[in-house]
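[1] got a predicted model here, sequence first, then my questions.
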Amino acid sequence: MNDMATGNNTALTELSERLRRVIEAEGAGAIASWRLNLTHSNVIKVGIDSNHLGGPYSAPRNVDQLVGEVFIVWKDGRRTIARVDPGSLANPDLAGAWKGSAFADPDQVDVLSPAPMPKVDIFSEKVSAAVQSPGSEFFAPLTQYAALKGQAQFINAGVNAAVSRSVLLSSAGHDLAWSATDYSTSIGFDSLYDDYYTGCAFPEPGTIEAMIDRVARRYGELSTAPRGWLASGEMEVLLEPDVVEGLIGHYLLGNMLGSNVANGQSAYRPEDFGSRHIVREDLSLRLEPLRPLHPGSYVCTREGVPAAELTLVDKGLLVSPILDVKYANRLGKRPTPLANGTDSLVLHCPLEKETQIMQGDAASMLVCSVLGLHTQDPTSGNFSLTAGQALEVQRDGSVGGKIKAVFSGNLFNALNEKSTRFARVPGKDFPMMRLRCRVTLE
């Protein structure tokens, strides 16, 4: 195997070898091609629940999992996709069970030929060591969070660390192995406001302090009675980065998935790619899965497509859908890298400072979280959302108190309006956004 990171995994190696023997024992007379994906992951986690460290809902846990899938193309043209784990070997006729679940595939998905893989840094020795023996660096955020007792009625927080080992084997010649790590931590006050960090490595110095400062500041603002600065009507609305990320994922990423494009469930038709402008010319959207130690980075898809940058929208022009092998075949295109959720997305846009975007010609509303996004029709761009947590903002950028409101608009239109503004927020991948909406105060 091509060992793309350090570390041995006996259980993973043993399972992959035994499953490979099952496949090869079936013989070339029955199987035309095959692919095997396996991942062995080990996760440790502990949290603070309602001020209690390691309480019944946040007790220290260690989760060990070895799981994957086998993909087989049979000589009769049918395909099998089956989950596999160590328990699969208990079946004395495992190959027969696979063949019994075979299905006809009109898209003729096949095993790809091996391609050169990128060098992407997704493994931290320190995080890997912490999973085996948690030390001060793993627990450091919890120590800082515990010291905040009394600043809110209830503090909820957590830390998680994971290390995984993956293999990709195939009849076409794939013989790959790589390791990855993940570390995440979050903190919230009274379910009013929370913040988080996630990455392949421990956070840089100052990251946790910045999270705590932001949560404490927003918590104080959301605990304040409204000043009466706003009245229902059309106004500019500020969206925090996590809200923007949700909107981009729902309305743009969702419409670019090959399954939706091919099945007529997207706002865009196959012929729109390469010919239709969908947003302002100073906006671009890309998959960037090669950023070092970033949660959206990876080596390759389960089908063996190497991770690579992919331009989805270039200066307003719709460029490419996101295609696995099935929908690449259906649309007559080559498969592309896939998105690891919104973590792999980067919105390129003109950026102001956070202090600048908070200012406007009139008072506005700042939305910290929304309810009901999953119920919105992504193909229309229309939204009507309850602001789960929202604040009034004066024209000079000063923040008032908490308000309850519903706001509505159209994201596609907003991304075409020159008045829509963006700002970088330290520690966030997505920007803050200022757009015009219809607001109904409760």
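    Received, thanks. Residues are numbered from 1 along each chain as shown.

[2] where does the stretch 1-150 of the chain dip in pLDDT?
    The stretch 1-150 of the chain contains residues with pLDDT under 70 at 1-8.

[3] now do the helices in it.
    Secondary structure of the stretch 1-150 of the chain by DSSP state H, counting those that start in this stretch: the helices cover 10-26, 94-100, 125-132, 136-146.

[4] redo those as CSV? Include distance to residue 70 and mean neighbour count.
    In short, each C-beta sits where N, CA and C put it, glycine included. Formatted as CSV, the helices of the stretch 1-150 of the chain follow (distance: least, C-beta to C-beta, whole Å; neighbours: other C-beta atoms under 10 Å):
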stretch, distance to residue 70, mean neighbour count
helix 10-26, 7, 15
helix 94-100, 7, 16
helix 125-132, 27, 18
helix 136-146, 35, 17
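
[5] closest to the centroid, which residue in the protein?
    residue 341 (3.2 Å; C-alpha atoms, centre = their mean).

[6] need the contact list for that one.
    Residue 341 makes contact with 249, 296 under the criterion C-beta atoms under 8 Å, 6 or more residues apart in numbering.

[7] if we can go back for a sec, residue 185: which of the helices of the stretch 1-150 of the chain is closest?
    Distance to residue 185, taken as C-beta to C-beta, is lowest for helix 136-146 among the helices of the stretch 1-150 of the chain, at 4.5 Å.

[8] what about that closest one, distance to the chain center?
    25 Å (C-alpha atoms, centre = their mean, to the nearest Å).

[9] try stretch 423-438
    That offset, for stretch 423-438, works out to 18 Å (C-alpha atoms, centre = their mean).

[10] so which bits of that stretch are buried?
    Applying a neighbour-count criterion of 16 or more other C-beta atoms under 10 Å, one finds 423-425, 427-437 buried in stretch 423-438.

[11] what's the answer for stretch 336-349, then?
    Buried residues in stretch 336-349 (16+ other C-beta under 10 Å): 336-340, 342-349.

[12] and that stretch, how far apart are its ends?
    24 Å (C-alpha to C-alpha, to the nearest Å).

[13] what is the rounded mean pLDDT of that stretch?
    Summarised as a single mean, pLDDT over stretch 336-349 is 97.

[14] quick check, residue 245 in contact with residue 343.
    No: with contact defined as C-beta atoms under 8 Å, residue 245 does not count as touching residue 343 (9.1 Å).

[15] overlap of the contact sets of the two?
    In contact with both residue 245 and residue 343: residue 429, using C-beta under 8 Å, 6+ apart.

[16] just checking, what's the longest strand in this structure?
    strand 31-49 (DSSP state E).

[17] partner strands of that strand and their direction?
    strand 52-53 (antiparallel), strand 61-74 (antiparallel), strand 155-170 (antiparallel) (DSSP bridges).
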